[in-house]
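sequence first, then the predicted structure:
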Amino acid sequence: MNKNDIISSGLLELYALGLASPEETLQVEEWVTQFPEVKAEIEAIETSLESYAQAHAIEPPASVRDKILSQISAEGKKTSYLAPHANDVKGQATIYKIPSYFKMAAAAIFILLIGSIALTYSYYGKYQSANDELQVTQQKIDEQNQANLAMKTDINVMTDKSSLPVVLKGTPHAPDALAKIYWMKSTGDVYVDPSYLPVIPSGKQYQLWAIVDGKPVDAGMISTEKGIYHIQKMKSFGHAEAFAITLEKTGGSPTPTMDEMYVISKI
Amino acid sequence: MPEIKKYSEEELVGLLQKRDQPAFAYLYDNYSGALFGIIYKMLEDRELAEDILQEAFIKIWNNFSNYDSIKGRLFTWMLNITRNLTIDTIRSKGYRKQSKIQNSANSVDYSIDNISSNTNTAESFDALGIRKHLTLLKDDQKQIIDLAYFGGFTQDEISKQLAIPLGTVKTRMRTAIMELRKLLQN
């Protein structure tokens, strides 16, 4: 095939369009090296097709350009990292950066820690005083409850249907003295209210006696601790002719000291 | 307006062989429109066309050492890379549409309306002037070039499409391109 046949065959056009078969392509590439005219002809065809393509160009969006160029420059940087200097600089930068970040974080944590310790102390103090107050209050409540309970008992005793009030009047030894006994006829329980007995000297204690069949029988010691006088339960008696209270040594006596009789009753 | 650098094809190839990034940006600015126009017309899918354009230029950059100026012009080489990627995409997606073939066969309307009048190549390339000349191209001549260029068809497919013998595709194509060259010389 001579060069004119080649040029007029139409194969060069297909080659330029990328439509030639692999065998045809190899053939054309061989001719190109052999015949400068063939190469020139292909160049002319390509130039015209290039113009045709340019005339039908559509501008792609700028984002595509950015993506392509940044991808290419990123690849370029990758290879430059292999240079030892680039690595050194990067290493230093890294060392500087991370501590400054941690310093900030450490400072923040330290401030939070101090703050929380201060709060803890403050709350602990408040908790302590609140706890103290609570205990004081609870104590008061307990005392009040005890007082209430005592009072209730007193009232119950006084208002019990079966209670028989017995007034013990002052003897000539103590004309102003007064005591009351509440005697439960149903059960035989004896309660004494020593509120109006005179204040006793230390080492002494009032003792209640029941006169049964003409003889005094010990009915129990009356508690006057701390100066508090309230209704208290004594020994029980099924029957008795009279009650009397004498002042005895602490702990009581087997027989009443008649000189120290303060009050006596007759039933 | 900053002065636009112009490279001869030889200078450009030399710089790209040294992996010069500004030269690559220049290559993109001058050829992306033409390549994108071709991809878009083959696919008629703008997003996919953008992906392929990106892939094509990355491939051009990475494989630039494979370019041999003896075998043809730079654009032809780039076009082959781009066309092959596009055809692979069409095939992998079972993409090719019958309607596309119909369109190509009876229309001259790879229309000027679709074409950007503001390409990056405007400074160095008189697209408008060429388009004016191209209107003088006979319909059947334009059609065969378009089928090859924008249809992504093979010789065999073109022969079937135009209902002409396979051997005739070559001579028809030559006549059409001769006419194109003549118009462009004016």
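Arrived safely.

contacts only, for the residue nearest to A:Gly170 when sequence neighbours are not counted.
Nearest non-adjacent residue to A:Gly170, counting by CB to CB, 6 or more residues apart in numbering or on different chains: A:Ala177, 4.0 Å away. From N, CA and C alone the C-beta is placed, and that goes for glycine too. By CB atoms under 8 Å, 6 or more residues apart in numbering or on different chains, the contact set of A:Ala177 is A:170-171, A:196-198, A:262-263.

give me that answer again for 6 Å
Contacts were defined as CB atoms under 6 Å, 6 or more residues apart in numbering or on different chains; by that measure A:Ala177 touches A:170, A:197-198, A:262-263.

in strands, which of those fall?
Those of the contacts of A:Ala177 mapping onto strands are A:170, A:262-263, per DSSP state E.

helix/strand/coil for A:Gln205?
Under DSSP: H, G, I helix; E, B strand; the rest coil, the three-state class of A:Gln205 is strand.

how about it: what's its closest non-neighbour residue?
A:Thr250 is the one closest to A:Gln205 (CB to CB, 6+ apart), at 4.8 Å.

next, count neighbours for the one you found.
10 (other CB atoms under 10 Å in any protein chain shown).

give me phi/psi at residue 145?
Using chain A here. phi -60, psi -40 (degrees, to the nearest 10).

that one and B:Tyr26, how far apart?
The gap separating A:Asn145 from B:Tyr26 is 100 Å, by CB to CB, to the nearest Å.

before we move on, what about A:Val212?
Taking CB to CB, one finds A:Val212 at 137 Å from B:Tyr26.

residues from chain B in reach of chain A?
B:25, B:28, B:32-34, B:36-37, B:40, B:50, B:53-54, B:57, B:61, B:71-73, B:75-76, B:80, B:83, B:115-116, B:119, B:121, B:125, B:127, B:130-131, B:134, B:148, B:155, B:170-171, B:173-174, B:177, B:180-181, B:184 (CB under 6 Å from any CB of the partner chain).

out of these, which are buried?
Buried by 16 or more other CB atoms under 10 Å in any protein chain shown: B:28, B:32-34, B:36-37, B:40, B:50, B:53-54, B:57, B:61, B:71-73, B:75-76, B:80, B:83, B:115-116, B:119, B:121, B:125, B:127, B:130-131, B:134, B:148, B:155, B:170, B:173-174, B:177, B:180, B:184, out of the residues of chain B next to chain A.

can you tell me the residue of the stretch 151-267 of chain A closest to chain B?
A:Lys152 (93.0 Å; CB to the nearest CB).

and B:Ile164, what does it touch?
Per CB under 6 Å, 6+ apart, neighbours of B:Ile164: none.

against which helices or strands is the helix or strand harbouring A:Ile6 packed?
Counting by DSSP states H and E, the element that carries A:Ile6 is helix A:3-8. Judged by 3 or more CB pairs under 6 Å, 6 or more residues apart in numbering or on different chains; DSSP states H and E, the packing partners of helix A:3-8 are helix A:36-55.

can you read off the pLDDT for the residue nearest to A:Gly170?
pLDDT, A:Ala177: 86.

for chain B, longest helix please?
helix B:21-43 (DSSP state H).

check which residues of the helix or strand just after that one are buried.
Downstream of helix B:21-43, the next assigned helix or strand under DSSP H and E is helix B:46-62. For helix B:46-62, the neighbour count (16+ other CB under 10 Å) marks B:48-57, B:59-61 as buried.

the nearest residue to A:Leu14 once chain neighbours are set aside: how many residues sit nearby?
Sequence neighbours aside, A:Ala20 is the residue nearest to A:Leu14 in space, at 4.6 Å (criterion: CB to CB, 6+ apart). Using other CB under 10 Å, A:Ala20 has 20 neighbouring residues.

can you pull out the helices in the chain?
I'll assume chain A. Secondary structure of chain A (DSSP H): helices at A:3-8, A:11-17, A:22-34, A:36-55, A:62-80, A:84-159.

let me rephrase: I mean chain B.
In chain B, the segments counted as helices under DSSP H are B:9-17, B:21-43, B:46-62, B:74-92, B:98-106, B:127-134, B:139-149, B:155-162, B:166-185.

list, one by one, the residues from the stretch 151-267 of chain A near chain B.
Counting by CB under 6 Å from any CB, no residue of the stretch 151-267 of chain A is near chain B.

got CSV for the helices of chain A, with mean pLDDT too?
Listed next are those as CSV, based on pLDDT from 0 to 100:
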stretch, mean pLDDT
helix A:3-8, 88
helix A:11-17, 91
helix A:22-34, 91
helix A:36-55, 91
helix A:62-80, 80
helix A:84-159, 78
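
buried deepest among those helices, which one?
Across the helices of chain A, the average number of neighbours (mean count of other CB atoms under 10 Å in any protein chain shown) peaks for helix A:11-17, which reaches a mean of 26.

for that helix, output the C-alpha coordinates as CSV.
Backbone C-alpha positions of helix A:11-17 (Å, rounded to 0.1, in the frame of the first residue of the first chain) are rendered in CSV as follows:
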residue,chain,number,x,y,z
LEU,A,11,-8.6,4.3,7.9
LEU,A,12,-6.7,7.3,9.2
GLU,A,13,-10.0,9.0,10.0
LEU,A,14,-11.2,6.0,11.9
TYR,A,15,-7.8,5.9,13.7
ALA,A,16,-8.1,9.5,14.7
LEU,A,17,-11.6,8.8,16.0
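
other residues contacting it?
A:20, A:24, A:28, A:41-42, A:45-46, A:49, B:148, B:173-174, B:177.

so how far is A:Ile231 from the residue of the stretch 151-267 of chain A closest to chain B?
Per CB to CB, A:Lys152 is found 11 Å from A:Ile231.

before we move on, back to that, can the helices of chain B go into JSON lines with extra columns for mean pLDDT?
Formatted as JSON lines, the helices of chain B follow (pLDDT from 0 to 100):
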{"stretch": "helix B:9-17", "mean pLDDT": "92"}
{"stretch": "helix B:21-43", "mean pLDDT": "92"}
{"stretch": "helix B:46-62", "mean pLDDT": "94"}
{"stretch": "helix B:74-92", "mean pLDDT": "90"}
{"stretch": "helix B:98-106", "mean pLDDT": "43"}
{"stretch": "helix B:127-134", "mean pLDDT": "70"}
{"stretch": "helix B:139-149", "mean pLDDT": "88"}
{"stretch": "helix B:155-162", "mean pLDDT": "90"}
{"stretch": "helix B:166-185", "mean pLDDT": "89"}
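
wait, which of these is closest to A:Thr120?
helix B:46-62 (60.4 Å; CB to CB).

tell me, how many neighbours does the residue of the stretch 51-200 of chain A found nearest chain B end up with?
Per CB to the nearest CB, A:Ala57 is where the stretch 51-200 of chain A lies closest to chain B, at 3.2 Å. Using other CB under 10 Å, the number of residues around A:Ala57 comes to 27.
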